[in-house]
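> The sequence and its predicted three-dimensional model are supplied below.
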Amino acid sequence: MRFKPGLTAKITKHIVSNKIKGNRRFALVLMLEPTFMCNLACEGCGRIREYKEGLNRMMSVDECMKAVDECGAQIVSICGGEPLVYPHIEELIDRLTKKGKYIYLCTNGLLFRDKMPRLKPSGNLMVNFHIDGLEKTHDAITGLKGAYNKVIEAIKAAKKKGYFVCTNTTIYKQTDINELRQLFKTLDDLKVDGFLISPAYGYVHVGDAFFFKKKELAEYFRKLEPEFKKYNFLGSPLYIEFVQGKRDIDCAPWSTPTRNPFGWRSPCYQLADRHFATYKEMIEKTDWKKYGPKSSNPRCAECAVHCGFEPASVLEGKSFRDIMKLIGWQFT
């Protein structure tokens, strides 16, 4: 089974409940950034550049928990920044677990082995290690020699301790496809529970030399079809077909709202045109027609990032064939 039965049941119940209530926009995953601080300065990262004037700001645990209650998401992705830099990370995870939320702890792995004794493995905690290539590539992207070996050792330690372990790999225009295949084999040999993969977003703060256009992206992802069949990818088959250019999917940025020390980021994880004080304000006051692939917004034209399109692939109305495809994918 691709996801834990409890997680699948909770998300299904959450979707059905909101549909019955007639809620058009509701949160599936809260992207929670308690801090922007990080112990790396990766080439493709927009956060440390966007919020360079507020890197020292952080949320209290109570503010984090209030954000969870506001949006009602059943999954909390703790990101940033590097969440293991956040001084209250153990308390935050403990309180989220007691609340019954499922947690993706998104980390570069550098601090994980030091923090591990205070992070109890549980059925609700999934540790998501970011790794963008084999040793030379990953070290170059992170700007830290030895970063690759540290994350590999962290993965080994996490698996030995009994954590659910997944990895997240960002695909850039320069990403060598054969190296990517070798990376997946290496991670599979380490018994990683699942892979997440997403094209990088072209942040204006970073420049556009690293990022695919959609046509280029589709060609690249089609070449990975054997890997999608061979390994346990956590992205839905409908999303994979989307990035391969085989189907159209609208974006659902409201389904993965971002809360950080500046407030509720609008409209999405990639774009910050405004920050709102409450989740309700963000939902009601964002002009959603101005964003997404169906809009004329040039910043959305080439975006295919999983946090906007992955949930849309699950939420949009589907044919019976698509529903059966999703069911079959979950149980393989």
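It's in. Numbering: from 1, shown residues only.
> what are the ranges of the strands in the stretch 151-300 of the chain?
164-171, 194-199, 258-260, 263-267, 272-276 (DSSP state E, counting those that start in this stretch).
> CA atoms only: put the last one into PDB for me.
As requested, C-alpha coordinates have been extracted for strand 272-276 and formatted as PDB (Å, rounded to 0.1, in the frame of the first residue of the first chain):
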ATOM      1  CA  ALA A 272       3.700  35.900  -2.400                       C
ATOM      2  CA  ASP A 273       1.800  38.800  -3.700                       C
ATOM      3  CA  ARG A 274       0.300  39.400  -0.200                       C
ATOM      4  CA  HIS A 275       0.200  38.000   3.300                       C
ATOM      5  CA  PHE A 276      -3.000  37.800   5.300                       C
END
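> residue ranges with poor pLDDT in the stretch 51-200 of the chain?
Counting by pLDDT under 70, the stretch 51-200 of the chain contains no low-confidence range.
> what about the strands of the stretch 151-300 of the chain, which gets the closest to I93?
strand 164-171 (13.4 Å; Cβ to Cβ). C-beta here means a position set from N, CA and C on the backbone, and glycine is covered the same way.
> packing partners for that closest one?
Here strand 164-171 touches strand 125-130, helix 147-161, helix 177-189, strand 194-199, going by 3 or more Cβ pairs under 8 Å, 6 or more residues apart in numbering; DSSP states H and E.
> who touches it?
4, 44, 104, 106, 123, 125-133, 155, 158-159, 180, 183, 187, 191-200, 212, 217, 220, 234 (Cβ atoms under 8 Å, 6 or more residues apart in numbering).
> quick one on the thing from earlier: buried deepest among the helices and strands packed on strand 164-171, which one?
Of all the helices and strands packed on strand 164-171, strand 125-130 carries the top mean neighbour count, a mean of 22, counting by mean count of other Cβ atoms under 10 Å.
> Within its sheet, name the partner strands of it and how each one runs.
strand 102-107 (parallel), strand 164-171 (parallel) (DSSP bridges).
> so which of the strands of the stretch 151-300 of the chain comes closest to S319?
When those are compared (using Cβ to Cβ), the closest one is strand 194-199, at 25.0 Å.
> still on that earlier bit, so which of the strands paired with strand 125-130 is the most packed in?
Note that of these, strand 102-107 is the most buried (mean count of other Cβ under 10 Å), with a mean of 23.
> ranges for the helices of the stretch 201-332 of the chain?
214-222, 225-230, 237-243, 279-285, 306-315, 320-330 (DSSP state H, counting those that start in this stretch).
> export those to CSV and tack on mean neighbour count?
Formatted as CSV, the helices of the stretch 201-332 of the chain follow (neighbours: other Cβ atoms under 10 Å):
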stretch, mean neighbour count
helix 214-222, 16
helix 225-230, 13
helix 237-243, 22
helix 279-285, 16
helix 306-315, 22
helix 320-330, 12
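> Could I get the ones you listed in JSON lines, plus columns for distance to T35 and mean pLDDT?
Below are the helices of the stretch 201-332 of the chain laid out as JSON lines (distance: least, Cβ to Cβ, whole Å; pLDDT from 0 to 100):
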{"stretch": "helix 214-222", "distance to T35": "31", "mean pLDDT": "92"}
{"stretch": "helix 225-230", "distance to T35": "34", "mean pLDDT": "94"}
{"stretch": "helix 237-243", "distance to T35": "29", "mean pLDDT": "92"}
{"stretch": "helix 279-285", "distance to T35": "20", "mean pLDDT": "97"}
{"stretch": "helix 306-315", "distance to T35": "19", "mean pLDDT": "85"}
{"stretch": "helix 320-330", "distance to T35": "34", "mean pLDDT": "72"}
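> Select, out of these, the one closest to S77.
helix 306-315 (8.3 Å).
> just to revisit the earlier point, of the helices of the stretch 201-332 of the chain, give the one that comes closest to Y269.
Closest to Y269 of the helices of the stretch 201-332 of the chain is helix 306-315 (Cβ to Cβ; 5.0 Å).
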